[in-house]
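> Mind folding the following:
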Amino acid sequence: MKKWLSLVSVLALWGCTSASTDSEGSTETVEGSQESSMQTEPVVEESVAEPEEKRISFIGVGDNLIHDNVIWAAETPDGSYDFSHMYDNIADDVANADLAFLNQETIFAGPDYPYAGYPSFNTPEQLGDNMVDLGFDLINGATNHTLDFGADGATYALNFWNQFDEVLYTGVFETEEESHEIPTIERDGVTFSFLAYTYGTNGIEPDTNWRVNYFDEEKIRNDVAKAQELSDVVIVSAHWGDENTNEVNEFQRYYGQLFADLGVDVVIGTHPHVIQPIEWLEGEGGNETLVVWSLGNLLAHALDDINTLGGMVSFDFVVTEEKTQIENVVFRPTVSHFTYHYNDNGRLKRKFKIYYLDDYTDELGSEHGLNEDGVLVSPANYKAQVDAVIPDEYLLQ
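Down below sits the predicted model:
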């Protein structure tokens with residue numbers, strides 16, 4: 001993206017000769033006609049145009065948390081799984097974004113292990129097919145559930161995602177060499193680096209010191225420095241924070257500021273299973289880093305309305321040769337809605353659907369399965385939670 005010059009032609013006034021004849025037949029020259037005998041060359045001015053600008057749209061969503069009940073709800077008569085209908089209401093926005101981020105909270109450990117939810121999650125890989133079809137292309141693999149089925153489960157998931165050329169899945173690695181590489185993706189001539197780190201893996205030790213990206217200051221410094229050499233924009237996925245609280249903890253603050261000081265462009269936070277604020281942090285170089293501390297749950301079977309409230313963040317990367325800016329930051333709340341049903345065999349099943357909160361009605365709220373568990377679900381209650389956490393400037397008015 002090089003500067004370019006434009007020529008702005010300024011047309012000089014050419015004198016024009018005209019004459020008028022008075023009543024006595026004499027001719028007089030109209031004022032200014034003496035200059036008309038001299039031609040003036042057109043004036044050409046050089047001006048430097050605004051730098052060429054590339055605008056890349058981004059959306060990000062939170063935890064795709066696939067409990068047993070979500071798996072059962074996705075079962076089809078032939079024994080396969082189809083989760084796609086659960087995401088219908090966000091499908092257009094995912095498809096239309098130039099870059100779409102998803103935190104795949106639960107691992108695809110493969111059919112050699114039972115498909116299961118909490119506490120050791122193994123999600124049917126058909127969900128991954130559905131997510132790729134939707135248009136997600138940045139997938140976080142560094143979560144506290146990455147090692148739920150050990151290195152074998154983690155590498156099965158890695159190999160599954162790596163079959164899609166258009167998808168970056170990172171945070172877990174098959175070889176040490178790969179753990180030192182910087183994943184990049186290009187849009188409209190702009191190169192993006194995508195880094196991912198988790199605070200831990202639920203006490204399960206990895207088989208090597210490079211299998212999973214944990215928060216480690218030295219590694220982060222090295223990764224970001226290499227990323228900045230390779231790319232125009234650096235995006236970080238940060239799996240951090242305390243569960244079930246809207247408050248940002250000291251660990252998050254420390255590493256959030258580190259990312260800002262290193263010049264990372266944006267940090268997308270996940271793991272607390274509830275929403276947390278959006279904030280700009282000033283780096284030591286005077287730069288500003290956008291930090292979304294937590295996007296909450298995108299899809300989950302939860303026992304409280306705070307865990308069925310999530311959000312989609314959207315913004316534009318505006319990139320010139322001189323700088324990268326982030327504009328039009330919007331947080332749009334989402335609801336993980338489910339209802340209770342019984343199938344033909346009398347088995348209790350739930351139906352799941354993601355809704356935008358601004359499309360969520362009182363009627364839907366009254367039908368939410370949490371009401372049967374004694375939780376009063378309503379758009380007003382969700383909105384009150386959003387208003388208490390997310391600054392007004394990022395909410396659609």
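
> going forward, measure contacts and count neighbours with C-alpha atoms only.
Noted.

> Need phi/psi at the residue nearest the centre of the chain.
When CA atoms, centre = their mean is applied to the chain, the residue found nearest the centroid is Gly60 (2.5 Å). For Gly60, the backbone dihedrals (degrees, to the nearest 10) come out as phi -140, psi 140.

> Quick one: find the helix or strand in this protein with the lowest mean pLDDT.
strand 5-10 (a mean of 33; mean pLDDT, DSSP states H and E).

> Check the gap between Ile306 and Phe101 for me.
Between Ile306 and Phe101 the distance is 22 Å, computed by CA to CA, to the nearest Å.

> I'd like to know which elements the longest strand along the chain is packed against.
Secondary structure assigned by DSSP state E gives strand 324-342 as the longest strand of the chain. Where contact means 3 or more CA pairs under 8 Å, 6 or more residues apart in numbering; DSSP states H and E, strand 324-342 is packed against strand 297-299, strand 309-319, strand 348-356.

> in the longest one, what's buried?
Meaning strand 309-319. Leu309, Gly310, Gly311, Met312, Val313, Ser314, Phe315, Asp316, Phe317, Val319 (16 or more other CA atoms under 10 Å).

> quick one: low-confidence ranges for the stretch 151-300 of the chain?
Within the stretch 151-300 of the chain, not a single segment meets pLDDT under 70.

> would you list every one of the strands in it?
In the stretch 151-300 of the chain, the strands defined using DSSP state E, counting those that start in this stretch lie at 168-170, 184-187, 190-198, 233-239, 266-270, 278-282, 288-292, 297-299.

> Determine which stretch of those strands is the most buried.
Highest mean neighbour count among the strands of the stretch 151-300 of the chain (mean count of other CA atoms under 10 Å): strand 297-299, with a mean of 29.

> What pairs with it, parallel or antiparallel?
strand 54-64 (parallel) (DSSP bridges).

> On the C-terminal side of the partner strand, identify the next helix or strand.
helix 68-74 (DSSP states H and E).

> Please work out the average pLDDT along that following helix.
Per-residue pLDDT over helix 68-74 has a mean of 95.

> Would you mark the buried spots in whichever helix or strand comes after that helix?
Following helix 68-74 in sequence order, the next helix or strand is helix 91-96 (DSSP H and E). For helix 91-96, the neighbour count (16+ other CA under 10 Å) marks Ala91, Val94, Ala95 as buried.

> Need the CA coordinates for the following helix or strand past helix 91-96. PDB is fine.
Downstream of helix 91-96, the next assigned helix or strand under DSSP H and E is strand 99-103. These are the backbone C-alpha positions of strand 99-103, laid out as PDB (Å, rounded to 0.1, in the frame of the first residue of the first chain):
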ATOM      1  CA  LEU A  99     -13.000 -12.200   9.500                       C
ATOM      2  CA  ALA A 100     -15.100 -14.200  12.000                       C
ATOM      3  CA  PHE A 101     -13.700 -15.400  15.400                       C
ATOM      4  CA  LEU A 102     -15.100 -18.300  17.400                       C
ATOM      5  CA  ASN A 103     -13.900 -19.600  20.800                       C
END
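
> What is the distance between strand 99-103 and the centre of its chain?
5 Å (CA atoms, centre = their mean, to the nearest Å).

> Pull the residues that contact it.
For strand 99-103, the external contacting residues (CA atoms under 8 Å, 6 or more residues apart in numbering) are 56-64, 94, 135-141, 270.

> number of nearby residues for Ala384?
Neighbourhood size, Ala384 [other CA atoms under 10 Å]: 10.

> just checking, it is part of a strand?
No: Ala384 sits outside any strand when classified using DSSP: H, G, I helix; E, B strand; the rest coil, being helix.

> related to what we said a few turns ago, could you dump the buried residues of strand 309-319 to TSV with pLDDT and distance to Gly110?
Output for the buried residues of strand 309-319, formatted as TSV (pLDDT from 0 to 100; distance: CA to CA, whole Å):
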residue	pLDDT	distance to Gly110
Leu309	98	29
Gly310	98	28
Gly311	98	29
Met312	98	29
Val313	98	31
Ser314	98	32
Phe315	98	35
Asp316	98	36
Phe317	98	36
Val319	94	40
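
> residues contacting Ile109?
In this structure residue 109 is Ala, not Ile. Taking CA under 8 Å, 6+ apart, we find Ala109 in contact with Asn122, Thr123, Phe149, Asp152, Gly153, Ala154, Thr155, Tyr156, Ala157.

> Likewise for Lys383?
Leu357.

> okay but Asp261 is in contact with Tyr254, surely?
No: contact criterion CA atoms under 8 Å: Asp261 and Tyr254 do not qualify, at 10.6 Å.

> For the two, indicate the residue with more neighbours.
Asp261 (18 against 10).

> give the contact list for that one.
Glu282, Gly283, Glu284, Gly285, Asn287.

> out of those, which is most surrounded?
Using other CA under 10 Å as the neighbour test, the contacts of Asp261 are led by Gly283, with 18 neighbours.

> excluding its backbone neighbours, what's nearest it?
Once flanking residues are discounted, Gly283 sits nearest to Asp261: 4.0 Å by CA to CA, 6 or more residues apart in numbering.

> Over to Phe315?
Spatially, and ignoring its direct neighbours in sequence, Phe315 is nearest to Val329 (4.5 Å; CA to CA, 6+ apart).

> how about CSV for the helices and strands packed on strand 324-342, with distance to Glu166 added?
Listed next are the helices and strands packed on strand 324-342 as CSV, based on distance: least, CA to CA, whole Å:
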stretch, distance to Glu166
strand 297-299, 22
strand 309-319, 19
strand 348-356, 25
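
> Quick one, which of these gets closest to Asp392.
strand 309-319 (13.6 Å; CA to CA).

> what does stretch 314-331 rub up against?
Taking contacts as CA under 8 Å, 6+ apart, the residues outside stretch 314-331 that touch it are 1-3, 51-60, 190, 232-233, 265, 290, 311-313, 390, 394-396.

> now stretch 271-288
Against stretch 271-288 from outside (CA under 8 Å, 6+ apart): 63, 105, 143, 239-248, 256-263, 265, 289-297, 306-307, 309-311, 386, 389-391.
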